[in-house]
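# Sequence and predicted structure are below.
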Amino acid sequence: MHVMILGSRGIPAIHGGFETFAEDLSLYLVEKGHEVTVYCQVEGDGPISTDTWKGVRRVLIPAKDGPRGTIAFDWKGICHSSKQTGVVLTLGYNTALFNLLYRVRGVPCVMNMDGIEWHRQKWSWSRRQWLRLNEFLGARIASHLVADHPAIKVHLSRHTNPDKITMIPYGAEVPVSIDLEQLAPYKLEPNGYYLVIARPEPENSILQMVKAYSRRTRRFPLVILGKFDADSNAYHRSVKQAASSGVHFLGAIYDHTTVSALRLYCRAYLHGHTVGGTNPSLVESLAAGNAVIAHQNKYNKWVAGSSAQYFDSEDSAAQILDRIEEDPSVLPPMQMGSRKRYLEDFTQTKVLGTYEDLLLRFVGAEAGVEAKAESKAEAAQQPKPGAATIGHRY
């Protein structure tokens, strides 16, 4: 099977969840003996080029930063991949309109619809309408959809037949053998800090969590990973102004080992996301066995399960932190529950294997036509009385 992965910035992953997923899935499929091509956005000008990374073919497409550059990158990638043989996996629906080209050229396309992107507060009205339109078009144009959460499948079912949608969440690996020295540059101790890993956007409840933490002097610091620009962004500025001295802003950290260490050794993980489906960062915290304190909504509650503690306001978030500091015995059951929830639905073997099975369905559909024709030809040559039944081939 040849799988072409589009929609992320490319591999190796140095950005968000889609890049990490594209890397994990492509390496998994290569190990299983499949041919994989990942389309990668690179800086600069010039023609499209190719190279190989860990057995994965990369198609390198020069494009500028910003929305226009992303749109140009998507269009060039779709034009290139639509001339190839194989099945396309598109991550996100931001430019789903362009996927009409796959329909015209008969290339099967599976689309991971991600979250409800047009709900995000950071987008302008016109941007939201564009995303809303492309959500509808993606649901109609793609050969099949992947919803990363049961609630996302319900949402997408208003646009298309539910049988056209497969629910597959994100997965994660259990972090192991991570040196404690990774914490040294930040002067942190194991089990001695709370952790937040998120883009500083209003829908991720950063301000709410910082205010809740900063209401009183606490025994353990709150560590926040994310890129803040208080000079040009009013929301970032409000978060910084609300923070007590116990809040440590470490900036954006992309080194996987460092992030894994910070996650593995934290006292509790705070997750404030309110938009979208299964969040990869939350899944990674379950894999690390973190005690989870999450915003109370249908997305987080399905992922983190009943062992997590949930807040729906600054007051309730502060109360959870107060309770944990007053009675640390509540943490071990939360940690055990996170590990249990991870094993139920989010192991990489289960998630990536389900993707492989889904993609093979579309390759198998084409092969099935040929197999059926061959079977008919073979059957015609067999003696009918007492002849053995010729089985289907997959």
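Yes, it's here.
# how close does Asn279 get to Gly246?
Using CB to CB, to the nearest Å, one gets 25 Å for the distance from Asn279 to Gly246. In short, each C-beta sits where N, CA and C put it, glycine included.
# So for those two, which sits in the more crowded spot?
Asn279 (26 against 17; other CB atoms under 10 Å).
# which residues in the stretch 51-200 of the chain form helices?
Listed in chain order, the helices of the stretch 51-200 of the chain (DSSP state H, counting those that start in this stretch) span 67-81, 100-105, 125-141, 150-156.
# how about Glu19, what does it touch?
8-11, 13 (CB atoms under 8 Å, 6 or more residues apart in numbering).
# Break down this protein into its strands, ranges please.
Counting by DSSP state E, the chain has strands at residues 2-6, 35-42, 49-53, 56-62, 87-91, 109-112, 144-147, 165-167, 194-197, 222-225, 247-251, 268-271, 292-295, 309-311.
# Tabulate those strands (TSV), appending mean pLDDT.
Formatted as TSV, the strands of the chain follow (pLDDT from 0 to 100):
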stretch	mean pLDDT
strand 2-6	97
strand 35-42	96
strand 49-53	96
strand 56-62	97
strand 87-91	96
strand 109-112	96
strand 144-147	97
strand 165-167	97
strand 194-197	98
strand 222-225	98
strand 247-251	96
strand 268-271	98
strand 292-295	98
strand 309-311	98
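# Please name the residues that touch the nearest residue to Val292 once chain neighbours are set aside.
Of all residues not flanking Val292 in the chain, Ala308 sits nearest, at 4.0 Å (CB to CB, 6 or more residues apart in numbering). Residues near Ala308 by CB under 8 Å, 6+ apart: 291-294, 300-301, 334, 337-338.
# Which of the helices of the stretch 51-200 of the chain comes out lowest on mean pLDDT?
When the helices of the stretch 51-200 of the chain are ranked by mean pLDDT, helix 125-141 comes last with a mean of 84.
# pretty sure Ala172 contacts Lys350?
No: using CB atoms under 8 Å, Ala172 is not in contact with Lys350, being 11.1 Å away.
# what's Ile61 in contact with, if anything?
With the criterion set at CB under 8 Å, 6+ apart, Ile61 makes contact with 39-42, 48, 73, 76-77, 80.
# how about 10 Å then?
If a contact means CB atoms under 10 Å, 6 or more residues apart in numbering, then Ile61 has 6, 10, 39-42, 46-49, 72-77, 80 as its contacts.
# Next: Leu180.
So Leu180 contacts 188-190, 261, 264-265 (CB under 10 Å, 6+ apart).
# hmm, which two among those residues are most spread apart?
Farthest pair in these (CB to CB) is Glu189 and Leu264. Separation: 13.0 Å.
# shared neighbours of the two, which are they?
180, 183.
# ok, those two, which is more surrounded?
Per other CB under 10 Å, whichever of Glu189 and Leu264 has more neighbours is Leu264, with 22 against 13.
# Could you measure from the more buried one over to Tyr194?
Taking CB to CB, one finds Leu264 at 14 Å from Tyr194.
# Also Lys64?
38 Å.
# The two: who's more crowded?
Tyr194 (24 against 14).
# Test of understanding: give the bridge partners of the more buried one.
Leu222, Ala268 (DSSP bridges).
# Might you report the residue contacts of it?
Contacts of Tyr194 by CB under 10 Å, 6+ apart are 209, 213, 218, 220-224, 246-248, 266-270, 291, 293, 321, 324.
# Check Ala304 too.
Contacts of Ala304 (CB under 10 Å, 6+ apart): 269, 271, 279, 282-283, 285-286, 290, 292-294, 310, 334, 337-338, 341-342.
# Not counting residues beside it along the chain, what's closest to His159?
Going by CB to CB, 6+ apart, His159 has Ala139 as its nearest residue, at 3.6 Å.
# That neighbour: what's it in contact with?
93, 96, 111, 113, 145, 155-161, 164-165.
# Quick check: closest non-adjacent residue to Thr95.
In space, Thr95 is closest to Asp74, 4.2 Å off (CB to CB, 6+ apart).
# Run a quick neighbour tally on that neighbour.
24.
# mind checking the end-to-end distance for stretch 138-146?
Taking CA to CA, to the nearest Å, stretch 138-146 runs 11 Å from one end to the other.
# where in this structure is pLDDT low?
Across the chain, the ranges flagged by pLDDT under 70 are 15-16, 115-123, 364-394.
# My read is that Val292 contacts Arg341, right?
Yes: counting by CB atoms under 10 Å, Arg341 is a contact partner of Val292 at 9.0 Å.
# Those two: which has the busier surroundings?
Using other CB under 10 Å as the criterion, Val292 and Arg341 rank with Val292 on top: 25 against 21.
# what residues are up against that one?
268-271, 282, 285-286, 300, 303-305, 307-310, 334-335, 337-338, 341 are the contacts of Val292 under CB under 10 Å, 6+ apart.
# ok, now how distant is it from Gly17?
17 Å.
# next one: Thr349
19 Å.
# ok, these two, which is more surrounded?
Gly17 (20 against 10).
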